[in-house]
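1. have a look; sequence and predicted model below, questions after that.
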Amino acid sequence: MGSATPASDDWSAARVVLGEAEIARALTRIAHEILERNKGGDDVLLLGIPTRGVPLAHRLAARLVEVEPTLDVRRVVGSLDITMYRDDLHHHPTRSIGTTEIPGTIDGKVVVLVDDVLFSGRTIRAALDAISDLGRPRAVQLAALVDRGHRELPIRADFVGKNLPTSQSERVRVLLREQDDRDAVLIEGDDA
């Protein structure tokens, strides 16, 4: 994930690349794309990857229900803790283990992983490992608010809010009102 910077860091020199309205539009577009690609939302299960993927998944679920009112928002969204599947635990051994909340089963579902920033692809690889321990979905898709490039693994997003080409020295941070009291995507570094 490209936004793992602690909230206490000074981002005063950062440039806003997406504001509240742009994030809202991106999520609405992604929700419509999910419904269109999957011919509705009956078999769709959105799994947010903590931390900011979870509120994004809940926002997407609300938008799916706006378009298809027969969907039950409680059966469309959950969270997937990937802590024990990460390949960087030896660098950060004090990570706290979160919870995985899945309404029902993933078997036969179209699981849409939801994350804030797609960067190296390692977070998504860990999520795929976690999913394989939970069951066998019909398909797994990926929705990311921001795709900043620099993939280390052959992983790509199916649904992207904003492609944001960055240099390795730039940092991307996603702020969400559920955790940060405002919605914004910030970039800091070379051209910020």
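-> Thanks, I have the structure now. If you're wondering where the values come from, they're calculated on a predicted model, not measured in any experiment.

2. tell me where the chain has helices.
-> 20-37, 53-67, 73-76, 122-134, 177-180 (DSSP state H).

3. could you identify which of those is most buried?
-> Mean neighbour count (mean count of other Cβ atoms under 10 Å) peaks for helix 53-67 among the helices of the chain, with a mean of 21. C-beta here means a position set from N, CA and C on the backbone, and glycine is covered the same way.

4. so the most centrally placed residue in the chain bridges to which residues?
-> Nearest to the mean C-alpha position of the chain, by Cα atoms, centre = their mean, lies D115 at 1.0 Å. Applying DSSP bridges to D115 gives these bridge partners: A144.

5. start at 274, not 1
-> Okay, using 274 as the starting number, the last item reads as D388.

6. go ahead and confirm it touches V419.
-> No: between D388 and V419 there is no contact under Cβ atoms under 8 Å: 9.2 Å.

7. I'd say V338 and L344 touch.
-> Yes: between V338 and L344 there is a contact under Cβ under 8 Å: 5.0 Å.

8. in JSON lines, list the helices of the chain along with mean pLDDT.
-> Output for the helices of the chain, formatted as JSON lines (pLDDT from 0 to 100):
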{"stretch": "helix 293-310", "mean pLDDT": "98"}
{"stretch": "helix 326-340", "mean pLDDT": "98"}
{"stretch": "helix 346-349", "mean pLDDT": "95"}
{"stretch": "helix 395-407", "mean pLDDT": "96"}
{"stretch": "helix 450-453", "mean pLDDT": "97"}
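
9. quick one, which of the ones you listed gets closest to P438.
-> helix 293-310 (16.5 Å; Cβ to Cβ).
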